[in-house]
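A.B. asks: Give me a 3D structure for the following:
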Amino acid sequence: MNIGIVIVAAGRGERAGSPQDGPKQYRPIGGRPVIAHTLETFLAWHRSGPIVVVIHPDDEDLYASAIAGLPRAGDVMVTFGGDTRQRSVHEGLRALAGSGATHVMIHDAARPFIDLALLDRIAAMLDTGHDGVLPAIPVVDTLKRGGADGLVHETVSRTALYAAQTPQSFTFNEIRAAHDKAAALRRDDFTDDASIAEWAGLPVMLVEGSTDNIKLTVGRDIDMANERLSKRQQRDLLPDVRTGNGYDVHQLVAGDGVTLCGVFIPHDQKLSGHSDADVALHALTDALLATCGAGDIGDHFPPSDMQWKGAPSRIFLEHAARIVREHGGTIMNADVSLIAEAPKVGPHREMMRRNLSDFLGIDMERCSVKATTNETIGFVGRREGIAAIATATVVYRED
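C.D. replies: Next up is the predicted model:
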């Protein structure tokens with residue numbers, strides 16, 4: 001699956017302030033333009049495919065200035081939009097054609113607080129075969145229907161009512177065909193892409209949105225966003241750095257080899273355990289979970305559950321890394337110490353480090369694997385088992 005991104009940034013934003021303030025997507029919040037915050041998140045998302053930003057023809061200089069310094073910003077395609085959001089999206093889809101995108105996320109540039117966890121939730125729905133996915137949050141305010149006379153005529157039930165957000169996501173060919181059809185019929189009254197999909201008969205599934213994923217519409221929204229980011233930057237002066245520790249041990253029994261840090265090492269013994277008994281990854285899984293108080297490996301993968309029998313332990317580690325990220329964490333360092341008389345770890349250390357880098361999605365220089373013996377003392381010294389101690393360092397952001 002190749003998920004293309006269309007970021008709509010061609011609007012004039014008349015409600016966001018006076019004309020001299022410029023379009024809202026280029027107004028500064030937290031010291032940077034709104035669109036820079038939005039684009040940065042998609043550039044950082046590991047599943048982003050080709051990205052198209054749709055801008056107004058008058059905004060080329062504003063856009064170039066806004067994205068200056070963003071990593072990979074040079075890889076982003078730019079096209080010009082139309083006089084309505086619907087037409088701008090249509091132009092973005094046309095620009096994305098031929099890029100290899102099988103799916104597309106369509107997002108408003110004026111929603112700068114989109115987070116990676118929401119993108120992952122949407123992608124998971126696309127992975128299961130849904131043709132349309134709409135992030136939304138339940139309506140919590142009491143709704144009233146008024147009349148031309150200015151009076152309240154009724155209270156509207158909010159049951160099954162949702163506030164739609166972006167990115168609204170679809171299989172690429174289907175949503176482009178729907179937009180093509182609407183353009184051919186000169187239907188330009190749709191308020192979002194999900195409504196076009198519904199009109200075209202494309203089923204759209206709801207997925208949990210985010211209360212932080214607000215759209216900046218009026219000037220006060222931008223002021224509040226700026227205040228929010230300014231406070232966050234002040235907090236970032238004292239970053240929330242957490243360190244977690246993990247320890248695990250497995251018994252050695254007769255066998256043909258052991259798996260450590262995802263590397264199988266031929267040996268005259270094997271480690272006994274319900275999964276592949278990778279003592280190193282088990283310890284590191286616990287270390288990561290400890291940084292956000294998420295229990296331990298047994299809480300998430302109980303040995304009594306037969307689906308984990310013989311399972312590769314990278315599943316456990318990647319699950320823990322995902323939990324850390326969902327809690328707002330960035331994994332900075334992973335360190336594993338193996339305690340064993342045999343087999344020798346040294347010849348396999350670089351492959352082990354490379355595996356940790358792949359499993360955690362961090363640079364290899366942030367991954368360390370060390371080994372020591374127990375000087376023939378204790379159960380390790382008697383070659384009855386292998387132990388591992390792991391330490392993980394994670395930086396958390398408040399949101």
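A.B. asks: At which residues are the strands of the stretch 251-399 of the chain located?
C.D. replies: Assigned by DSSP state E, counting those that start in this stretch, the stretch 251-399 of the chain shows strands spanning 257-260, 263-266, 269-271, 329-339, 367-372, 385-396.
A.B. asks: Pipe these into TSV and attach mean pLDDT per row.
C.D. replies: Compiled in TSV, the strands of the stretch 251-399 of the chain are given as follows (pLDDT from 0 to 100):
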stretch	mean pLDDT
strand 257-260	96
strand 263-266	96
strand 269-271	94
strand 329-339	96
strand 367-372	96
strand 385-396	96
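A.B. asks: want to throw these into CSV with mean neighbour count?
C.D. replies: Heads up, the C-betas are built off the backbone N, CA and C, glycines and all. Below are these laid out as CSV (neighbours: other C-beta atoms under 10 Å):
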stretch, mean neighbour count
strand 257-260, 22
strand 263-266, 15
strand 269-271, 20
strand 329-339, 20
strand 367-372, 19
strand 385-396, 22
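A.B. asks: What residues of the longest helix seen in the chain count as buried?
C.D. replies: The single longest helix within the chain, with elements called by DSSP state H, is helix 219-236. Using 16 or more other C-beta atoms under 10 Å as the test for burial, helix 219-236 gives G219, D221, I222, A225, N226, R228, L229.
A.B. asks: Return the residues in contact with the closest residue to the fourth one other than its chain neighbours.
C.D. replies: In this case it means A225. With C-beta to C-beta, 6 or more residues apart in numbering as the criterion, A225 has its nearest non-adjacent residue at 4.4 Å, and that residue is I29. By C-beta atoms under 8 Å, 6 or more residues apart in numbering, I29 lies in contact with H37, P112, L216, I222, A225, N226, L229.
A.B. asks: ditto for D278
C.D. replies: So D278 contacts T259, L260, C261, G262, L271, P312, S313 (C-beta under 8 Å, 6+ apart).
A.B. asks: Check what contacts stretch 252-268 and list those residues.
C.D. replies: 269-272, 276-281, 312-314, 336, 338, 342-343, 345, 348, 351-353, 355-356, 359, 369, 383-386.
A.B. asks: ditto for stretch 359-371
C.D. replies: 46, 261-262, 280-281, 314, 317-318, 321, 331-340, 344-346, 349, 352-354, 356-357.
A.B. asks: What of stretch 41-52?
C.D. replies: Outside stretch 41-52, the residues touching it (C-beta under 8 Å, 6+ apart) are 2-7, 39, 70-73, 75-79, 92, 95-96, 99-101, 107, 112, 114-116, 119-120, 123, 361.
A.B. asks: Which among those count as buried?
C.D. replies: Looks like these have 3-7, 39, 70, 73, 76-79, 92, 95-96, 101, 107, 112, 114-116, 119, 123 buried, using 16+ other C-beta under 10 Å.
A.B. asks: Sort out which of the residues you listed are in helices and list them.
C.D. replies: Mapping the buried ones among the contacts of stretch 41-52 onto helices (DSSP H) picks out L39, G92, A95, L96, L116, L119, A123.
A.B. asks: Around A287, how many other residues sit close by?
C.D. replies: 27 (other C-beta atoms under 10 Å).
A.B. asks: And for P302?
C.D. replies: 10.
A.B. asks: and it, what does it touch?
C.D. replies: W308.
A.B. asks: now it: how far from A311?
C.D. replies: For P302, the distance to A311 equals 12 Å [C-beta to C-beta, to the nearest Å].
A.B. asks: do A392 as well
C.D. replies: Taking C-beta to C-beta, one finds A392 at 21 Å from A311.
A.B. asks: Since that was my last question, I'll sign off now.
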